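> Return a 3D structure for these sequence lines:
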Amino acid sequence: MADPDEPLDHAAAITALNKALRLQYRSGLAYSLVAGSLTGFAHVALGPQLYAFAAEELDDARRLVEKIVALGGEPTTTVAKLEFHAKAKDAFSWLLDIEHETIDAVAATIDTTGGDAESEALEHRLEHMIMRKQEQVEALERARS
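Below you'll find the model as predicted:
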């Protein structure tokens with residue numbers, strides 16, 4: 001059971017959120033990049049779905065920025081490195097790799113939360129992000145095979 005007297009560690013949360021944010025920015029851009037660059041009859045139809053994923057990623061990036069600012073921090077403007085892969089299978093593999101990395105960074109932020117209401121709200125938001133991203137990962141795994 002969470003201890004309601006254990007407060008959120010603001011400094012640690014801001015640091016962890018910024019680590020996740022730089023990866024989250026990349027996720028939105030990566031899905032856009034792959035959505036616009038897929039070729040071949042079997043893959044072009046996936047473009048709109050990947051673009052929808054990009055929009056969700058950017059929406060979550062906005063939420064991370066809002067939380068960092070609400071905690072008194074300054075959001076990073078650094079974006080993790082993007083890559084271009086001309087072959088769809090390589091692009092999907094890269095998306096899977098970066099999504100796993102981002103999910104891990106978002107999950108690591110949960111370690112900074114305590115048991116008070118502010119902590120519980122942040123943890124719940126992060127869990128929803130992880131759940132949504134995991135569903136995208138599963139869709140990518142199906143598309144790659």
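
> going forward, measure contacts and count neighbours with C-alpha atoms only.
Fine.

> So for residue 1, what's the pLDDT?
pLDDT, residue 1: 47.

> Which positions within the helix or strand hosting residue 24 qualify as buried?
When secondary structure is defined using DSSP states H and E, the element that contains residue 24 is helix 10-37. Along helix 10-37, the positions that meet the burial threshold by neighbour count (16 or more other C-alpha atoms under 10 Å) are 10, 13-35, 37.

> Give me the nearest residue to the spatially most central residue of the chain, chain neighbours excluded.
Central residue of the chain (C-alpha atoms, centre = their mean): residue 24, 4.1 Å from the mean position. Across the structure, with C-alpha to C-alpha, 6 or more residues apart in numbering as the measure, the residue nearest residue 24 apart from its sequence neighbours is residue 61 (5.7 Å).

> Now do that neighbour against residue 23, distance only.
Computed with C-alpha to C-alpha, to the nearest Å, the distance linking residue 61 and residue 23 is 9 Å.
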